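**Student:** Structure for the following, please:
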Amino acid sequence: MEFFPELEKEAHAGGLQFLVIGGLAINYYGYARDTADLDLLVCKEKSADWRALFLRLGYTVDHDADTFIQFAPPKTGEWPVDLMLVREPTFLAMWTDGRQVQILGSQMRVPSLEHLMALKLHALKHGRLHRFLKDFQDLEGLILENHLDPNSEKVRQLFLKYGTLELHEKIVRSCSSR
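**Tutor:** Numbering: from 1, shown residues only. You can find the predicted model right below:
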């Protein structure tokens, strides 16, 4: 069985909900970029169930932190998986606002554009320096591809809530130069 239909089936059987985030979600919203892994947002309270599911699928734990679990695939060339763990209220809010979409032949759910941007802003504000450019370009691409005005009050407030004023000023300059 293909990986995505199998993941969809196994998650459903286990009563596990997830949102596709990262590169595949970015691509859904029109900004094309390569991705080599599958990033999922899941409820932190279900992390043991998710761990068990991926171990049953032959994955091994590569890295485990409080808000993040990284799984290595059973075979070379298969999808590595990163789980981002969030508390249930956060997950449910994002799930409710998310969209059901077709990704690689399977029904998956992605966060709303606003929530995806909030995730990127959070990563930029709290993330590692080596990821800054990639996350910044993702955010810029989402704004440009979805014809958002970076100067709008709605976008500015999103930056102030999840990012910083400095990030907002940088994205305004970057988007206006394009």
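**Student:** and this structure, what are its domains?
**Tutor:** For the chain, automatic domain parsing gives the domain ranges 1-111, 112-178.
**Student:** and stretch 97-106, how far apart are its ends?
**Tutor:** 19 Å (CA to CA, to the nearest Å).
**Student:** follow-up on the earlier one: turn the domains of the chain into TSV, including mean pLDDT.
**Tutor:** As requested, the domains of the chain are arranged in TSV below (pLDDT from 0 to 100):
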stretch	mean pLDDT
domain 1-111	94
domain 112-178	94
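**Student:** Pipe those domains into a markdown table and attach mean neighbour count per row.
**Tutor:** Where you see a C-beta, it was placed from the backbone N, CA and C, and this is true even at glycine. Formatted as a markdown table, the domains of the chain follow (neighbours: other CB atoms under 10 Å):
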| stretch | mean neighbour count |
| --- | --- |
| domain 1-111 | 16 |
| domain 112-178 | 16 |
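**Student:** Let me see the ranges of the strands in this protein.
**Tutor:** 19-21, 38-43, 60-65, 68-72, 81-86, 99-103, 106-110 (DSSP state E).
**Student:** closest one to residue 125 among these?
**Tutor:** strand 81-86 (14.9 Å; CB to CB).
**Student:** Direction included, what does that closest one pair up with?
**Tutor:** Note on strand 81-86: by DSSP bridges, its sheet partners are strand 38-43 (parallel), strand 68-72 (antiparallel).
**Student:** ok, and what's touching the longest one?
**Tutor:** If I follow you right, that is strand 38-43. 16-25, 50, 79-88, 91-92, 94, 111, 119 (CB atoms under 8 Å, 6 or more residues apart in numbering).
**Student:** what does the shortest one give?
**Tutor:** Applying CB under 8 Å, 6+ apart, the set of residues contacting strand 68-72 from outside is 47, 50-51, 54, 59-64, 80-85.
**Student:** now swap in stretch 119-129 and tell me
**Tutor:** With CB under 8 Å, 6+ apart, stretch 119-129 has contacts from 21, 41, 84, 111, 131-132, 135-136, 138-139, 142, 158-159, 162-164, 167.
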